[in-house]
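K.L.:
need a 3D model of the sequence below.
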Amino acid sequence: MKRRLGATGIFVGVSGKYYLDEARLQQIEQRRGGMEGQRSTMRGLISLRMARLAVGAAALILAVVNIFYFQNLELRYLVITLIVIWIALTLAQFFYLSRIRRNFSSSSPTTQPAG
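P.N.:
Now for the predicted structure:
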């Protein structure tokens with residue numbers, strides 16, 4: 001009862017015997033069914049990180065090229081726009097991470113297992 005299956009809280013101890021808590025079992029099955037949603041959330045987070053990396057690299061490269069070669073005003077505006085987009089992607093990533101943590105903490109079992 002102290003291992004993984006017992007720690008889920010699906011068993012209830014009564015007078016030294018253990019019985020299956022069907023309501024708790026349904027909760028766990030629903031949560032496991034929701035794992036696909038967590039996978040898509042993680043895919044979204046990875047996509048967000050990749051986009052943030054690409055935008056940051058493009059802004060850095062364009063800034064260096066503009067400083068040493070072109071010194072063009074339009075290119076400066078493009079770099080500033082990319083930096084603003086990078087900041088927006090960073091804030092979106094923070095929002096995504098907080099949502100993932102909030103969903104994870106609300107889906108954690110709060111009851112102590114019997115036994």
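
K.L.:
count the residues that sit near residue 44.
P.N.:
Each residue near residue 44 was counted by other C-beta atoms under 10 Å, and the total is 13. The C-beta positions use only the backbone N, C-alpha and C, and glycine is treated the same way.

K.L.:
give me the average confidence score over the longest helix seen in the chain.
P.N.:
With DSSP state H setting the assignment, residue counts place helix 73-107 as the longest helix in the chain. Across helix 73-107, the average pLDDT comes to 87.

K.L.:
now that helix: how far from the chain's centre is it?
P.N.:
Here the centre of helix 73-107 is set off from its chain's centre by 13 Å, with C-alpha atoms, centre = their mean, to the nearest Å.

K.L.:
in it, what's buried?
P.N.:
Judged by neighbour count (16 or more other C-beta atoms under 10 Å), helix 73-107 contains these buried residues: 75, 78, 79, 82, 85, 86, 89, 96.

K.L.:
for the residue of the chain most remote from its centre, grab phi and psi.
P.N.:
Ranking residues of the chain by C-alpha distance from their mean position (C-alpha atoms, centre = their mean) puts residue 15 at the top, at 42.2 Å. Backbone geometry at residue 15, expressed as degrees, to the nearest 10, gives phi 50, psi 40.

K.L.:
can I get the buried residues of helix 73-107 in a markdown table including distance to residue 102?
P.N.:
Listed next are those as a markdown table, based on distance: C-beta to C-beta, whole Å:
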| residue | distance to residue 102 |
| --- | --- |
| 75 | 41 |
| 78 | 36 |
| 79 | 35 |
| 82 | 30 |
| 85 | 26 |
| 86 | 25 |
| 89 | 20 |
| 96 | 11 |
